[in-house]
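*Asks:* sequence first, predicted coordinates after that:
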Amino acid sequence: MPHLHAERHKASRIGWLRAAVLGANDGVISTASLMVGVAATGATPAAVLTAGIAGLAAGAMSMAAGEYVSVQSQADTEQADIARETRELETQPELERAELVAIYRRRGLDQDLATRVADQLMAHDALGAHVRDELGITETLRARPVQAAMASAASFAVGATLPIAASLVARDHAVAWITSTTLVALLGLGALAAYAGGAPMLKGAMRVAFWGALAMALTAGVGHLFGTVA
């Protein structure tokens with residue numbers, strides 16, 4: 001028999017990659033924008049640093065809570081669908097078998113082969129076959145709320161440390177350092193996310209950096225306006 005090698009597909013990364021990239025991007029952009037906005041009001045370097053640390057703590061918890069609630073809702077829906085399939089398999093197995101046959105017929109199998117496949121899969125793992133082929137729920141793409149929340153919070157905190165570290169390095173030129181460090185970090189994050197997901201790296205990097213620069217510019221404008229009014 002030929003040796004079967006294990007293939008690595010990018011879809012297996014979707015769950016944690018989405019939360020991690022979203023968290024890191026948000027950590028860099030929101031913390032840097034907050035610090036630049038505070039600095040634009042004429043605040044002291046200590047106040048800018050304090051704003052960044054507060055933004056890190058609040059943002060990480062917010063990301064974790066939001067990600068958990070969102071993904072848990074998806075998990076609840078999946079569990080409800082699985083419970084319904086379990087009941088239907090117990091009460092109307094022939095109808096469920098016919099559903100599988102119809103699914104395989106739509107995928108291109110002839111009637112006899114579709115029937116044999118449905119019979120064998122139901123004999124082996126009836127619920128697993130319906131969860132996978134009728135509901136479209138696979139182990140790779142299952143909702144994992146705790147994993148998503150932890151990845152989101154941790155990546156946000158890591159991203160947020162970059163503008164904070166920049167302000168510590170150059171307290172008298174914090175805005176320039178925060179802005180440049182943030183843009184470089186966003187270019188790297190965008191390229192990394194695109195590479196991991198199999199998308200064009202340059203396009204991903206420029207897209208993330210553009211929105212980060214826009215966010216910092218708008219917040220700086222708001223900070224300058226309110227600083228002038230005050």
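*Replies:* Received the coordinates, thanks. Numbers count the residues shown, from 1 in each chain.
*Asks:* could you use CA atoms for every contact and neighbour count after this?
*Replies:* OK.
*Asks:* so how far is Ala129 from Asp26?
*Replies:* According to C-alpha to C-alpha, to the nearest Å, Asp26 stands 39 Å off from Ala129.
*Asks:* the two - which one has more neighbours?
*Replies:* Remark: of Asp26 and Ala129, Asp26 carries more neighbours, 23 against 19, as counted by other C-alpha atoms under 10 Å.
*Asks:* tell me the contacts of the more buried one?
*Replies:* The contact partners of Asp26, by C-alpha atoms under 8 Å, 6 or more residues apart in numbering, come to Phe156, Gly159.
*Asks:* now do Ala102
*Replies:* With C-alpha under 8 Å, 6+ apart, Ala102 has these contacts: Ala114.
*Asks:* hmm, try it at 10 Å
*Replies:* Ala102 is in contact with Glu96, Leu109, Gln111, Ala114, Thr115, Ala118, counting by C-alpha atoms under 10 Å, 6 or more residues apart in numbering.
*Asks:* next: Asp172.
*Replies:* Thr44, Pro45.
*Asks:* SS state for it?
*Replies:* helix (DSSP: H, G, I helix; E, B strand; the rest coil).
*Asks:* and the pLDDT at it?
*Replies:* With respect to pLDDT, Asp172 scores 74.
*Asks:* continuing past whichever helix in the chain runs longest, what's the next helix or strand?
*Replies:* When the chain is parsed with DSSP state H, its longest helix is helix 45-91. Sequence-wise, the next helix or strand downstream of helix 45-91 (DSSP states H and E) is helix 93-106.
*Asks:* that next one - what's its average pLDDT?
*Replies:* pLDDT averaged over helix 93-106 gives 85.
*Asks:* output it in PDB with nothing but the alpha carbons.
*Replies:* What follows is helix 93-106, C-alpha atoms only, in PDB (Å, rounded to 0.1, in the frame of the first residue of the first chain):
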ATOM      1  CA  PRO A  93     -34.400   6.600  11.700                       C
ATOM      2  CA  GLU A  94     -35.800   5.800   8.200                       C
ATOM      3  CA  LEU A  95     -36.500   9.400   7.500                       C
ATOM      4  CA  GLU A  96     -33.000  10.300   8.600                       C
ATOM      5  CA  ARG A  97     -31.500   7.600   6.400                       C
ATOM      6  CA  ALA A  98     -33.500   9.000   3.500                       C
ATOM      7  CA  GLU A  99     -32.100  12.500   4.200                       C
ATOM      8  CA  LEU A 100     -28.500  11.100   4.000                       C
ATOM      9  CA  VAL A 101     -29.200   9.300   0.800                       C
ATOM     10  CA  ALA A 102     -30.600  12.500  -0.700                       C
ATOM     11  CA  ILE A 103     -27.500  14.500   0.400                       C
ATOM     12  CA  TYR A 104     -25.200  12.000  -1.300                       C
ATOM     13  CA  ARG A 105     -27.300  11.900  -4.400                       C
ATOM     14  CA  ARG A 106     -26.900  15.700  -4.700                       C
END
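*Asks:* buried residues in that helix?
*Replies:* Glu96, Arg97, Glu99, Leu100, Val101, Ala102, Ile103, Tyr104, Arg105 (16 or more other C-alpha atoms under 10 Å).
*Asks:* now that helix, how far from the centre of its chain.
*Replies:* 34 Å (C-alpha atoms, centre = their mean, to the nearest Å).
*Asks:* immediately after it, which helix or strand?
*Replies:* helix 111-133.
*Asks:* tell me what angle the helix or strand following that next one forms with helix 45-91.
*Replies:* Going down the chain from helix 111-133, the next helix or strand is helix 145-169, by DSSP H and E. Calculated by axes from the mean of the first three to the mean of the last three C-alpha atoms, to 10 degrees, helix 145-169 forms an angle of 170 degrees with helix 45-91.
*Asks:* good, wrapping up.
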